Each structure stands twice: as structure tokens, then as C-alpha cells.
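J.: A predicted structure for the sequence below; I have some questions about it.
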Amino acid sequence: MKIPITFLGTSQAIPTARRNHTAVLLQYKTENILVDCGEGTQRQFRKAKLNPCKLTRILITHWHGDHVLGLPGLLQTLALNNYPRTLHIYIPKGTRNYIDLIYKLFVFAGKIKLEVHEVSSGKILETPDFILESFPMQHNIPTNAYTFTEKEKIRIDKDKIKKLGLSGKILGELAKGKDIKHKNKTIKASSLTYAEKGKKIAFILDTKINENCYKAAEGSDLLICESTYTEEESDLASEYKHLTAKQAAEIAKKSKSKKLFLTHISQRYQANDKPILHEAQSVFKDTTIAEDLMKVEI
């Protein structure tokens, strides 16, 4: 199945007329997973014709304003719309107090059920269909990268099934990897099925280059990565602990990612972002600069 990704915001710290603050939505079956929630994110949901009340999880990379200032407004909107479920929010370890402060700073009309998970390194959620993982990054405050990995699926070889004349409940057994009986013979499930590798999406936002970037991105079908600077501003990238376009492309290449989408674009490139694109493509050809409200499927 296709996994839709919607870029709700693609700017760096200062939004522009073209780019809103950072937020990316991943949709998978009944899951709607939001990565970061910059200022104006709930309005971006409306512009993208998406329903924020379908959200199931929010992954916060870190607590800089351009990644979280939309959170109070979004929570208020969910409360006013009688949000029916428990919203799971994943945040860097040791930062729970920021959630508590949100409720102290604002007078909310109603509340929703929240379950806050402080996470650091490793698996943070496993369902029958997918796994979420967290990777500590190196920014100037606690920061995580996140990955979504679809689990491997057992698929039935339709041509082989057709030749044998199999149908009905027996196909369900095969899909579970169970051997079957047919015409008084035992048929191995492995002879009629094959494994289909699940898809992986990696989200690497604000960080300087570090080994966990490569670990998070490893084997990604889609790598969504910050690209705040070009190599001409490498001193600034180092000072503020961000990535250049070249570094983002090197992560994609070294990790054997299939596609790279650059985001967290600085206002200095509002009129012309080609230098970022060209720099990245010189290292990793299948690179695209994300735009607000852009939707891709993998």
C-alpha cells in the first residue's frame, strides 16, 4: 500500500510567505502521525484539506519554537472539536515540563486525553504493522530524529495459487505463513508465498552531522532531512549545529536511501533555492526540495 506524506511546513526558524514553520504528516491505515508542529500548523491542515481530529500521534524532535509553537493552538482546536481518542505525544527525554508549561501558560477551553512519552534511543512503539524508533541528535538542546518502518509482509504468489486452484479460507492460512493440506498433500507456505519488505521513512531535523544521522537514515525509502545552509555557510552550520545541503545528501548516499527530500529551508533562499538543490544533487541525484502542502506517496 502507498504511504502518503504531506509537508505542512518547510521553513527554518523564520517563516516566509512561501513556507510555514516545520510540520510533516505521515498517514498509514488508521494512523496519522505528525512530526513537529510549528506555528500555523493547524491552518496548514485546513489548506491541505486534512482533518486534524484524525491525528493519532505527534513526534516532537525538539522544543525550539519553529517546531512546537503550533502545539497549543492545535490542542485547543482538538478540544473544541471533541477529539475522541487519546493523543500520544513523543518528546525528547527529560523535557516533559514543556508540556506541563503549555497548560499553565494558556487558558484552554476543555481538555483532551494526552499520553506523553519521553524517549531517547531505540524502539518507541511497535504495532502489528509498523515500528517507530528514536535516535538522539546533536543540537543545542535535546533533539531526536525519528523513523517509521513498515513491517515485512507475507504475500501470496497469485500465479501459483491459480495453477493449484486454491481459494477461500486456505489463502488466509497461507498469508499467516502456515502450511496447508491440499488433495491429501501438505504444501509448504514458503513454496507459495514471498516476503515483501516494508517501507521506511526517516525524519532528521535540526542537528549537526553525527553517526546517528546515518543510523537513522539507513536503508530509507524516503529520507526527510533538514538543509538549513549550503557549504558556503558551513561555519554557521557548525556554530548553530545544523546541516548543509551537501551533508544531507551525504547522509542519503552513505545510508543507501532511495529518495531525499530537503526541508527546513532558510528565508535567505526564499527567492532562489536552486543553490541548495544543486549542491545536494551533485552528491545524491534523487533529491527534491520540499514545498508547503506538497504530498508524496511511497
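T.: Perfect, thanks for sending it. Residues are numbered from 1 along each chain as shown.

J.: Let's verify the residue nearest to the spatial centre of the chain: helix, strand, or coil?
T.: Centroid-nearest residue in the chain: F203, 5.0 Å away (criterion: CA atoms, centre = their mean). Classification of F203 by DSSP: H, G, I helix; E, B strand; the rest coil places it in strand.

J.: ok, now how distant is it from Q247?
T.: According to CB to CB, to the nearest Å, F203 and Q247 sit 16 Å apart. For glycine as for every other residue, the C-beta is placed from the backbone atoms N, C-alpha and C.

J.: And for I58?
T.: Distance, I58 to Q247, using CB to CB: 27 Å.

J.: now do V283
T.: For V283, the distance to Q247 (CB to CB) stands at 9 Å.

J.: Between those two, which is the more surrounded one?
T.: In terms of neighbours (other CB atoms under 10 Å), Q247 is the more surrounded of V283 and Q247; the figures are 24 against 18.

J.: Give me the buried stretch members for the helix or strand that contains Y214, please.
T.: Per DSSP states H and E: Y214 is located in helix 211-217. By 16 or more other CB atoms under 10 Å, the buried positions in helix 211-217 come out as N212, C213, Y214, A216, A217.

J.: Count the residues that sit near the residue lying closest to the first one once chain neighbours are set aside.
T.: Spatial nearest neighbour of N212, chain neighbours left out: F135 (4.4 Å); criterion: CB to CB, 6 or more residues apart in numbering. F135: 25 surrounding residues under other CB under 10 Å.

J.: Okay, now the unreliable bits of the protein?
T.: Of all residues in the chain, those with pLDDT under 70 make up the ranges 166, 168, 171-172, 175, 189.

J.: Do you have the helices of it handy? List them.
T.: Ranges of helices in the chain, per DSSP state H, are 41-47, 65-68, 71-80, 96-105, 158-164, 169-175, 211-217, 234-240, 245-254, 274-281.

J.: what's the most buried one of those?
T.: Mean neighbours per residue, mean count of other CB atoms under 10 Å, is largest over the helices of the chain for helix 245-254, with a mean of 24.

J.: Tabulate the buried residues of helix 211-217 (a markdown table), appending distance to K185.
T.: Shown next, in a markdown table, are those (distance: CB to CB, whole Å):
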| residue | distance to K185 |
| --- | --- |
| N212 | 51 |
| C213 | 52 |
| Y214 | 49 |
| A216 | 47 |
| A217 | 46 |
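
J.: Just name the closest of these to S227, please.
T.: Nearest to S227 out of the buried residues of helix 211-217 is C213 (CB to CB; 12.5 Å).

J.: Spell out which residues make up each domain of the chain.
T.: With domains defined by automatic domain parsing, the chain comprises 4-152+197-290, 154-193.

J.: Quickly compare those domains and say which is most buried.
T.: Most buried of these, by mean neighbour count (mean count of other CB under 10 Å): domain 4-152+197-290, with a mean of 19.

J.: quick one on the thing from earlier: same list (the helices of the chain) but as JSON lines, adding distance to K29.
T.: Formatted as JSON lines, the helices of the chain follow (distance: least, CB to CB, whole Å):
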{"stretch": "helix 41-47", "distance to K29": "19"}
{"stretch": "helix 65-68", "distance to K29": "26"}
{"stretch": "helix 71-80", "distance to K29": "20"}
{"stretch": "helix 96-105", "distance to K29": "27"}
{"stretch": "helix 158-164", "distance to K29": "23"}
{"stretch": "helix 169-175", "distance to K29": "17"}
{"stretch": "helix 211-217", "distance to K29": "23"}
{"stretch": "helix 234-240", "distance to K29": "38"}
{"stretch": "helix 245-254", "distance to K29": "27"}
{"stretch": "helix 274-281", "distance to K29": "32"}
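
J.: Quick one: closest of those helices to I5.
T.: With CB to CB, the closest approach to I5 among the helices of the chain belongs to helix 41-47: 13.8 Å.

J.: what sits up against that closest one?
T.: 8-9, 20-21, 23, 25, 34, 51-52, 70, 73-74, 77, 292-293 (CB atoms under 8 Å, 6 or more residues apart in numbering).

J.: Please name the residues that touch D221.
T.: Contacts for D221 (CB under 8 Å, 6+ apart) come out as K199, K200, I201, S257, K258, K259, I298.

J.: Relative to I204, how far out is it?
T.: D221 is 15 Å from I204, by CB to CB.

J.: Does A145 touch L205 like I think?
T.: Yes: using CB atoms under 8 Å, A145 is in contact with L205, at 7.0 Å.

J.: shared neighbours, those two?
T.: Counting by CB under 8 Å, 6+ apart, the common neighbours of A145 and L205 are T61, M137.
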